[in-house]
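K.L.:
Okay, structure incoming, though there's no sequence with it:
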Ligand code: SF4
Ligand code: SF4
């Protein structure tokens, strides 16, 4: 690609297959306590992260 | 949301295209950015004509082909995500905000806890109630292993003996029940001393230290009980705490109000003090308060975020350890689609427990009688309310359905929605605008790094 640089091509849709295991951190506990932003949370599903 | 489920913007010298449903992020040349305005409803020949004055034909053709490639790989114009999953069917609870002290040794003007007592009596949680709360969490946690407990208040260090005993109790409990507790504490730092700092260091996975940036800003908002400023007392303590933390997590967290719309200066002040993990949040309050953030402030705030994003990138060139909570986005190992749709989990996976043992959906709802879910004795009895929270997500909040930011923001803060619009399903417009700007900044930072 000459004109496009893709920062992530991990398709969110794939995560529907394994998603929702619930082991990740609750967003509001981490720092802000008044808003939500979950984009910066880490997925803790071991199967996925091994990939 | 732009046409075709994408969002594009220019910031910090980058043209950026987000594909909402796949979560892909593309940094593109201006030509691609321009073609995308016409791509979905024009043939290639028409686009070549429209852009003829700006780009040569071959170049348009090639850029167009690259967009087609992305489209074939489902990385742009991707269809709606099927998020009709059933969330938290078993009503598992995995996180708890434990209000060990409804009392405080500061009286911050904006405190949602109404100067520490949360509209109730000033009260400290006794050990029995705390233990019952940890038991309750374990009993309701299904097969989740990692359980989170944040010691919160008021000011939790005012009830430090109970905190210590609860951690000890939790350690026993986790062995017995094969769970793992992550303890954290949110404190105003006033009572930090050698003993409790050591304890926090050894036992808490994270410590959130409250401070509002510059001395003048902090001291106006965060007053001691005799109306003095708190800055000079707490800053040395925060420094000491962080020094001891070494590589363990901490956050210095502040609130900004309409009195310091130049909050980027407060963020830089944190950095000057050596505080590298920081977060600053817009105040959540009644719009009638003179320090409330209102429509007329919003443009300045959005510019403030942009300004800070540039300063942030500069600082990070030499010091990648500097982290602003809202500018951190993990594009590769971020949360799954389920988490991205449901967000904070308040009232379902996450609850707050008061010193009396009452249960609320989260710390921001504590003391609002109509939001009481139950008690530690009775368990969750208001299941209607729980279900309402469970179903509050980006698919049920009308405004979020069509919002480009939905899988980053996850539908915003229910409390914020409730306090501004009296409805947990109707997001607070000003918060949305700030959230979207923070996200654009965060992604433009990634594009530059
Ligand atoms: S809360 Fe606002 S910014 Fe967040 S997804 Fe909903 S509409 Fe978008
Ligand atoms: S409702 Fe708001 S304050 Fe409560 S947990 Fe969710 S994001 Fe946090």
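P.N.:
Nice, I can see it. Nothing here was measured: the structure is a model prediction, and the numbers come from that model. Ligands and ions are numbered 1, 2, ... in the order given.

K.L.:
From here on, just use CA atoms for contacts and neighbour counts.
P.N.:
OK.

K.L.:
Specify the local secondary structure of residue B:284.
P.N.:
When classified by DSSP: H, G, I helix; E, B strand; the rest coil, residue B:284 comes out as coil.

K.L.:
Contacts for stretch B:9-28 next, please.
P.N.:
A:3-13, B:5-8, B:29-30, B:33, B:74-81, B:310, B:404-405, B:407, B:440-441, B:444-445, B:447-448 (CA atoms under 8 Å, 6 or more residues apart in numbering or on different chains).

K.L.:
and those residues, which are buried?
P.N.:
Buried residues within these, defined by neighbour count using 16 or more other CA atoms under 10 Å in any protein chain shown: A:3-4, A:6, A:9-13, B:5-8, B:29, B:33, B:74-78, B:310, B:404-405, B:407, B:440-441, B:444-445, B:447.

K.L.:
Any regions of chain B where pLDDT drops low?
P.N.:
B:1-3, B:83-84, B:112-120 (pLDDT under 70).

K.L.:
got the residue ranges for the helices in the stretch 1-150 of chain B?
P.N.:
With DSSP state H, counting those that start in this stretch applied, the stretch 1-150 of chain B shows helices at B:30-35, B:44-50, B:57-72, B:127-139, listed in chain order.

K.L.:
and the first one, what does it pack onto?
P.N.:
Right, helix B:30-35. strand B:14-19, helix B:57-72 (3 or more CA pairs under 8 Å, 6 or more residues apart in numbering or on different chains; DSSP states H and E).

K.L.:
Need these in CSV (columns: distance to residue B:127 and mean neighbour count).
P.N.:
Formatted as CSV, the helices and strands packed on helix B:30-35 follow (distance: least, CA to CA, whole Å; neighbours: other CA atoms under 10 Å in any protein chain shown):
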stretch, distance to residue B:127, mean neighbour count
strand B:14-19, 49, 23
helix B:57-72, 58, 16
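
K.L.:
Which among those is found nearest to ligand 1?
P.N.:
Ligand 1 lies closest, by CA to the nearest ligand atom, to one member of those: strand B:14-19, at 14.1 Å.

K.L.:
what lines up beside the closest one in the sheet?
P.N.:
The strands beside strand B:14-19 in its sheet (DSSP bridges) come out as strand B:6-11 (antiparallel), strand B:25-28 (antiparallel).

K.L.:
So which of those strands is the most surrounded?
P.N.:
Of the strands paired with strand B:14-19, the one with the most neighbours on average (mean count of other CA atoms under 10 Å in any protein chain shown) is strand B:25-28, at a mean of 23.

K.L.:
Phi, psi for residue B:43 please.
P.N.:
Dihedral pair for residue B:43: phi -80, psi 160, per degrees, to the nearest 10.

K.L.:
for ligand 2, what are the nearby residues on chain B?
P.N.:
Chain B comes close to ligand 2 at residues B:344, B:346, B:362, B:364, B:413, B:414, B:415, as judged by CA under 6 Å from any ligand atom.

K.L.:
Keep only those of those residues that are also close to ligand 1.
P.N.:
Counting by CA under 6 Å from any ligand atom, no member of these is near ligand 1.

K.L.:
By neighbour count, which of those residues wins?
P.N.:
With neighbours taken as other CA atoms under 10 Å in any protein chain shown, the top of these is residue B:414, carrying 31 neighbours.

K.L.:
tell me which residues of stretch B:257-265 are tucked away?
P.N.:
Buried positions in stretch B:257-265, judged by neighbour count with 16+ other CA under 10 Å: B:257, B:258, B:260, B:261, B:262, B:263, B:264, B:265.

K.L.:
now stretch B:225-243
P.N.:
B:229, B:230, B:231, B:234, B:235, B:237, B:238, B:241, B:242.

K.L.:
Report pLDDT for residue A:26.
P.N.:
pLDDT recorded at residue A:26 is 80.

K.L.:
Give me the neighbour count for it.
P.N.:
Count around residue A:26 with other CA under 10 Å applied: 23.

K.L.:
and the nearest residue to it once chain neighbours are set aside, what helix or strand is that in?
P.N.:
Spatial nearest neighbour of residue A:26, chain neighbours left out: residue B:344 (6.2 Å); criterion: CA to CA, 6 or more residues apart in numbering or on different chains. Per DSSP states H and E: residue B:344 is located in neither a helix nor a strand.

K.L.:
if we can go back for a sec, take the residues of chain B next to ligand 2 and keep only those in helices.
P.N.:
Among the residues of chain B next to ligand 2, the ones falling in helices (DSSP state H) are B:414, B:415.

K.L.:
Turn the residues of chain B next to ligand 2 into CSV, columns for distance to residue B:104.
P.N.:
What follows is these, written out as CSV (distance: CA to CA, whole Å):
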residue, distance to residue B:104
B:344, 26
B:346, 24
B:362, 19
B:364, 16
B:413, 25
B:414, 25
B:415, 22
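
K.L.:
Would you map the helices across chain A?
P.N.:
Using DSSP H, the helices of chain A run over residues A:15-18, A:27-30, A:46-50.

K.L.:
Considering those helices, which stretch scores lowest in mean pLDDT?
P.N.:
Lowest mean pLDDT of the helices of chain A: helix A:46-50, a mean of 49.

K.L.:
about what we covered before: mind giving me JSON lines with the helices and strands packed on helix B:30-35 and columns for distance to ligand 1?
P.N.:
JSON lines is the format used below for the helices and strands packed on helix B:30-35 (distance: least, CA to the nearest ligand atom, whole Å):
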{"stretch": "strand B:14-19", "distance to ligand 1": "14"}
{"stretch": "helix B:57-72", "distance to ligand 1": "24"}
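
K.L.:
quick one: which of the ones you listed is nearest residue B:432?
P.N.:
Residue B:432 sits nearest to strand B:14-19 of all the helices and strands packed on helix B:30-35, at 17.4 Å, using CA to CA.

K.L.:
does chain A sit close to the helix or strand residue B:237 falls within?
P.N.:
Secondary structure assigned from DSSP H and E places residue B:237 in helix B:231-245. No - Helix B:231-245 lies out of reach of chain A by CA under 8 Å from any CA of the partner chain, never closer than 15.1 Å.

K.L.:
could I get the buried residues of stretch B:225-243 as a markdown table with distance to residue B:214?
P.N.:
Output for these, formatted as a markdown table (distance: CA to CA, whole Å):
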| residue | distance to residue B:214 |
| --- | --- |
| B:229 | 12 |
| B:230 | 11 |
| B:231 | 8 |
| B:234 | 12 |
| B:235 | 10 |
| B:237 | 16 |
| B:238 | 14 |
| B:241 | 19 |
| B:242 | 18 |
